[in-house]
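Chemist: Build me a model from this:
(chains A and B)
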Protein chains: 2
Amino acid sequence: MPATLLDGKSVAEQIRNDLSDRIKASHRKLGRPPGLAIVLVGDDPASEVYVRNKLRTAEESGMSVSLTRLPGSTPLAKVIATVEALNHDANVHGILVQSPLPKALGDAAEQQVFDTISPAKDVDGFSPVSAGFLAQNRPGFVPCTPAGVIEMLDRCGIAVEGRRAVVIGRSEIVGKPMALLLLRRNATVTICHSRTRDLPGVCREADILVAAIGRPGFVTRDFVKAGAVVIDVGINRVTDPAAAKRLFANEPRRLALFEKNGSALVGDVHPEVVDVAGQLTPVPGGVGPLTIAMLMANTVRAAELAAAAS
Amino acid sequence: MPATLLDGKSVAEQIRNDLSDRIKASHRKLGRPPGLAIVLVGDDPASEVYVRNKLRTAEESGMSVSLTRLPGSTPLAKVIATVEALNHDANVHGILVQSPLPKALGDAAEQQVFDTISPAKDVDGFSPVSAGFLAQNRPGFVPCTPAGVIEMLDRCGIAVEGRRAVVIGRSEIVGKPMALLLLRRNATVTICHSRTRDLPGVCREADILVAAIGRPGFVTRDFVKAGAVVIDVGINRVTDPAAAKRLFANEPRRLALFEKNGSALVGDVHPEVVDVAGQLTPVPGGVGPLTIAMLMANTVRAAELAAAAS
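Modeler: Numbers count the residues shown, from 1 in each chain, chains lettered A, B, ... in the order given. Alright, predicted model coming up:
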């Protein structure tokens, strides 16, 4: 029996529906809607798409949203000054600086910019204070993707407590916060990475396996215990026909689509895992939609906290 | 063959010897010695012992050290004001508020006080900024006990990369930072706790097993893979004769000492583990001495950073 697919789109819709009343209540209390400010530096085409989706979702949710566009040549000091101004803007409850920043700004730019965002408005959860609050089990903003995975597990009735969870990947944005959130829910958590020996064997210990590595189809069936819950955080664009043939060997429809479009989106989990897993998030339509939904949830929470403090 | 005992005292001495030149250099550069300020509220007898040891070690190391004693009845605002004054005192490079604070100050007191310590002087590494820097792999102050364990592994030539490490316990002070530090060293890390199912089985996966739970002799031989490295962070005082008899069944000398003194210090690891482990830290004399040595190391580093910034 193939795995049940976990429908991220419908979970994201539930989350947004649940936010609707809170957005109205915040609006009444503050005299203005919860406000999200997005800063986009440069013209990375993928970032354009992400930002457009965030803007649209925020608007449709009844929030106010502003986009500050800065050219790729903007000096770092100007980017930082922009964030500082937003920190002081009472109409703005959440600030998001779209990653990645242009390479020309230097390796340390992103960290410096994220560090500038006020912890009270850090709805991406990338600042060290937010990361520290998460590690210390204190209330604070949690990065949207791992927060969305927990929300999905909850809303799909998947128990976490006492189960073995394995996270592949240890990024600041997904892997590590994911591990800390699963730990907070009383899973026994293992974090794997490129230096892990016998990675498939370690992953087969998992009742809940989260893949966040950014390599298309990397997690094959030998990584997965029969009946495990598999959460695929990767979103990779595949353009190599040989790779597509391997990935879609048993999926003629996706292969045909690939051949028509010249590319396809593939997760970190190989499509064959559907034959082994008990539950599986598809790509696209799994974890992806939850990330934006949690950005909305974090922004609403920031507005509620601002309302409570005013 | 019984496990090799890892001698924490001698490793701590090495660490302190290595600090000696750095302390002199900082002294020259700053025109004053690296300064550690300890705040002790109330009169908990165990805290008295810990503070005395820290004071003595700092003095013997050529650092300046001050002790601010406040009565147990001190209001929280006064404790916080004391820390704020130390934040602004140029003679003070590291600030340590001895834990636990008196219960009368309330459950949230410790967090509020630790949050007040300037991140630049947070040599205990308990502030959220320090915890965030650790989670984000950024330079910052790491809690002394897990930092000491890493130092011990390094100085005893115990490889970490690619090995399976299991940490029992998920406190902010030991378990979680320990897991993050082992991860930084490229171990495959599992965190266990009270809700973990088949705890002995999970622990037997470990090449490196760290016990930090505060239960005397909890980790018995069935938790330990033959030849594993076992790090015992627990320091528990046992006063129950029946417990002592069980713990020291094969250690007539320690049992005799217990009977003479009416109590004994026992780690979280049962003494019988010496027959299974490859390497083992004793209690006392294992991890304990490293904690103070790392407090000195953190304070010297704080002084060096202050010197570099001045």
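Chemist: Every contact and neighbour count from this point should use C-alpha atoms.
Modeler: OK.
Chemist: Need the nearest residue in space to the residue nearest in space to the middle of chain A, chain neighbours excluded.
Modeler: Central residue check for chain A by CA atoms, centre = their mean: the C-alpha nearest the mean position is that of residue A:145, 2.2 Å away. Spatially, and ignoring its direct neighbours in sequence, residue A:145 is nearest to residue A:291 (4.7 Å; CA to CA, 6 or more residues apart in numbering or on different chains).
Chemist: quick one: that neighbour and residue A:150 touch, right?
Modeler: No. With contact defined as CA atoms under 8 Å, residue A:291 does not count as touching residue A:150 (11.1 Å).
Chemist: Tell me which of those two has more neighbours.
Modeler: Neighbours per residue (other CA atoms under 10 Å in any protein chain shown) separate residue A:291 from residue A:150, with residue A:291 holding more: 22 against 18.
Chemist: quick check: mean pLDDT across the host helix or strand of that one?
Modeler: Residue A:291 belongs to helix A:288-309 when assigned by DSSP states H and E. For helix A:288-309, the per-residue pLDDT values average out at 96.
Chemist: Ramachandran coordinates for the closest residue to residue A:69 other than its chain neighbours?
Modeler: Here the nearest residue to residue A:69 in space, its sequence neighbours aside, is residue A:40; by CA to CA, 6+ apart that works out to 5.0 Å. Backbone torsions for residue A:40, taken as degrees, to the nearest 10, come to phi -120, psi 120.
Chemist: Roughly how far does residue A:40 sit from residue A:294?
Modeler: In this structure, residue A:40 and residue A:294 are 19 Å apart, going by CA to CA, to the nearest Å.
Chemist: cool, residue A:66 as well?
Modeler: Counting by CA to CA, the separation of residue A:66 from residue A:294 is 18 Å.
Chemist: residue ranges with poor pLDDT in chain A?
Modeler: Nowhere does chain A drop to pLDDT under 70.
Chemist: Break it into its domains for me.
Modeler: Listed by automatic domain parsing, the domain ranges of chain A are A:31-119, A:144-288.
Chemist: For residue A:5, find the nearest of those.
Modeler: Across the domains of chain A, residue A:5 has its closest neighbour in domain A:144-288 (5.0 Å, CA to CA).
Chemist: about what we covered before: show me the contacts for the residue nearest to residue A:69.
Modeler: A:47, A:51, A:67, A:68, A:69, A:70, A:97, A:98 (CA atoms under 8 Å, 6 or more residues apart in numbering or on different chains).
Chemist: Quick check: nearest residue in space to residue A:186, chain neighbours excluded?
Modeler: Nearest in space to residue A:186, with sequence neighbours left out and distances taken as CA to CA, 6+ apart, is residue A:161 at 4.6 Å.
Chemist: Wait, that neighbour touches residue A:189, no?
Modeler: No. With the criterion set as CA under 8 Å, residue A:161 and residue A:189 do not qualify as a contacting pair; they are 10.5 Å apart.
Chemist: got the contact list for the residue of the stretch 1-150 of chain A found nearest chain B?
Modeler: Per CA to the nearest CA, the residue of the stretch 1-150 of chain A with the smallest distance to chain B is residue A:132, at 3.7 Å. For residue A:132, the residues meeting the contact criterion (CA under 8 Å, 6+ apart) are B:127, B:128, B:129, B:130, B:131, B:132, B:133, B:135.
Chemist: Return the most buried member of the domains of chain A.
Modeler: Mean neighbour counts were taken over those using mean count of other CA atoms under 10 Å in any protein chain shown, and the top value, a mean of 20, falls to domain A:144-288.
Chemist: what about it, how long is it end to end?
Modeler: Domain A:144-288 has an end-to-end distance of 10 Å (CA to CA).
Chemist: and if you look at stretch A:139-159?
Modeler: 22 Å.
Chemist: Skipping adjacent residues, who's closest to residue A:283 in space?
Modeler: Nearest in space to residue A:283, with sequence neighbours left out and distances taken as CA to CA, 6+ apart, is residue A:267 at 5.4 Å.
Chemist: continuing past the helix or strand where residue A:259 lies, what's the next helix or strand?
Modeler: When elements are defined using DSSP H and E, residue A:259 is found to belong to helix A:252-261. Tracing the chain C-terminally past helix A:252-261 and defining elements by DSSP H and E, one meets strand A:264-266 next.
Chemist: who does whichever helix or strand comes after that following strand touch, helix- and strand-wise?
Modeler: Of the helices and strands lying after strand A:264-266 in sequence (DSSP H and E), the nearest is strand A:279-280. Counting contacts by 3 or more CA pairs under 8 Å, 6 or more residues apart in numbering or on different chains; DSSP states H and E, the secondary-structure elements packed against strand A:279-280 are strand A:4-5, strand A:229-232.
Chemist: can you tell me how far residue A:175 sits from chain B?
Modeler: Counting by CA to the nearest CA, to the nearest Å, the gap from residue A:175 to chain B is 11 Å.
Chemist: so what's the residue lying closest to that residue once chain neighbours are set aside up against?
Modeler: Among residues not flanking residue A:175 along the chain, residue A:169 sits closest, at 5.0 Å (CA to CA, 6+ apart). Residues near residue A:169 by CA under 8 Å, 6+ apart: A:175, A:176, A:191, A:192, A:193, A:194, A:211, A:212, A:213.
Chemist: what sits against the first one?
Modeler: I take that to be residue A:175. In this structure, residue A:175 makes contact with A:146, A:167, A:168, A:169, A:191, A:212, judged by CA under 8 Å, 6+ apart.
Chemist: For the first one, which non-adjacent residue is spatially closest?
Modeler: Distances taken as CA to CA, 6+ apart put residue A:178 closest to residue A:146, at 4.9 Å, once the chain neighbours are dropped.
Chemist: name the element the one you found belongs to?
Modeler: Counting by DSSP H and E, residue A:178 is part of helix A:175-184.
Chemist: helix or strand right after that helix?
Modeler: Per DSSP H and E, helix A:175-184 leads on to strand A:188-192 as the next helix or strand towards the C-terminus.
Chemist: starting at the chain centroid, how far to the next helix or strand after that next one?
Modeler: Sequence-wise, the next helix or strand downstream of strand A:188-192 (DSSP H and E) is helix A:199-203. Offset of helix A:199-203 from its chain centre (CA atoms, centre = their mean, to the nearest Å): 24 Å.
Chemist: tell me which parts of the stretch 51-200 of chain A are close to chain B?
Modeler: Near chain B, the residues belonging to the stretch 51-200 of chain A are A:127-133, A:135-136, A:161-163, A:172, A:176, A:183, A:186-193, A:195-197 when assessed by CA under 8 Å from any CA of the partner chain.
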